[in-house]
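In: coords please:
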Amino acid sequence: MSGKKRVLIVDDDRDFVASVKDWLEANNIEVLVAYDGASGLECALKEQPDLMILDVMMSSDTEGIEVSRKIAEQPDLKRMPVLMLTGMRKAKNLPFGLEPDENWLPVRVVMEKPVPPDVLLREIHRLLGN
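Out: Okay, the predicted model is just below:
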């Protein structure tokens, strides 16, 4: 066991995933990857990561929201911090942003893309408690 914290990135944007993965690995974080909600949930159940970075819009506009709700229902996952990272507000021209909500959006933090890498890393460390 390496002792590194493990983060699962669930996002269908392969370029985004690659860049965040490289950045996190350069900062001593082990990274797991899934490109859709179903495989992200499956990977989370199997691998038990320390944190999940979850996109909202993947195969549907609300796939990430649905995945966050399924995570909250899983005894083995409901304590795992979920950081929702989305471009939904800009893509859909919404006059409001998403906010964590225990029932509707059970995640710890919502951040709007693009997020500067140092800001994302700081938030990941905060959620991981280090």
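In: ok, residues contacting stretch 48-67?
Out: For stretch 48-67, the surrounding residues in contact (C-beta atoms under 8 Å, 6 or more residues apart in numbering) are 5-13, 20, 32, 35-37, 40-41, 43-44, 68, 71, 76-77, 80-88, 91-92, 98, 104-105, 107, 124, 127-128. Where C-beta positions appear, they are placed from N, C-alpha and C, glycine not excepted.
In: those in strands, which ones?
Out: Arg6, Val7, Leu8, Ile9, Val10, Leu32, Val82, Leu83, Met84, Leu85, Thr86 (DSSP state E).
In: number of residues surrounding the third one?
Out: The burial count assigned to Leu8 is 23, neighbours taken as other C-beta atoms under 10 Å.
In: one more: the second one?
Out: Summarising burial for Val7: neighbours were counted as other C-beta under 10 Å, giving 24.
In: residues near Ile29, how many?
Out: By other C-beta under 10 Å, the burial measure for Ile29, its neighbour count, is 19.
In: okay, now Gln48: neighbour count?
Out: 12.
In: likewise for the one 4 residues further on?
Out: Other residues within reach of Met52, judged by other C-beta under 10 Å, total 29.
In: also the one 10 residues further on?
Out: Residue crowding around Thr62 was assessed by other C-beta under 10 Å; the count is 14.
In: just Asp36 next, same as before
Out: Residues near Asp36, counting by other C-beta under 10 Å: 17.
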